[in-house]
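sequence unknown, structure follows:
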């Protein structure tokens, strides 16, 4: 049974940092790309980061240089390190494993096995 669970969200002040974790099971974790999306109230879901089987990474322009995605295949875990958070980063963050091993076009939301329940990130002073 495929399972995806995110954790690590919370309230942080502008300029602060958070680390989100995603643990997934029920499929060949190491052979698939994993992505992070976010959805702010009233806005469409946005693909923000993806890590391929090769560990090649892609980022949305909105987070490039501030967010870092990494994976630990031994622990079936993908981590999203977020720095210099701003109020515009407030959203529910979702982890999603793809059913392909690459990140091309991941932001379209296609070719995904499942979605987690999400973890809330709130950036405010």
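Perfect, I can see it now. Quantities reported herein were computed from a predicted structural model and do not represent experimental measurements.

check the gap between residue 10 and residue 119 for me.
Applying C-beta to C-beta, to the nearest Å, the value for residue 10 to residue 119 is 8 Å. Just so you know, the C-beta spots here come from the backbone N, C-alpha and C atoms, and that holds for glycine as well.

same check on residue 74?
Distance of residue 74 to residue 119, computed by C-beta to C-beta: 22 Å.

which one of those two is surrounded by more residues?
residue 119 (22 against 8; other C-beta atoms under 10 Å).

excluding its backbone neighbours, what's nearest the more buried one?
Nearest residue to residue 119 in three dimensions, chain neighbours excluded: residue 9, at 3.4 Å (C-beta to C-beta, 6 or more residues apart in numbering).

please apply the same query to residue 29.
Residue 29 sits nearest to residue 76 (C-beta to C-beta, 6+ apart), 4.5 Å away.

number of residues surrounding the one you found?
Residue 76 has 19 nearby residues by other C-beta under 10 Å.

now do the same for residue 56: its pLDDT.
In this model, residue 56 is scored at 97, pLDDT.

next one: residue 116
For residue 116, pLDDT reads 86.

so it touches residue 2, yeah?
No - assessed by C-beta atoms under 8 Å, residue 116 is found out of contact with residue 2, at 10.6 Å.

quick one, which of the two is more surrounded?
residue 116 (21 against 10).

find the nearest non-adjacent residue to the more buried one, please.
Closest to residue 116 by C-beta to C-beta, 6+ apart is residue 4, at 3.9 Å.

helix or strand: which one has that neighbour?
Using DSSP states H and E, residue 4 falls within strand 3-7.

neighbouring strands - and their directions - for the helix or strand where residue 23 lies?
Assigned by DSSP H and E, residue 23 belongs to strand 18-25. Counting by DSSP bridges, the strands paired with strand 18-25 are strand 3-7 (antiparallel), strand 77-82 (antiparallel).

ok, and what's touching the helix or strand just after it?
Reading on from strand 18-25 to the C-terminus, the next helix or strand found by DSSP H and E is strand 34-39. With C-beta atoms under 8 Å, 6 or more residues apart in numbering as the test, strand 34-39 has contacts from 20, 22, 24, 45-51, 69, 71, 78, 80, 89, 91-98, 103, 106, 109, 112, 118, 121.
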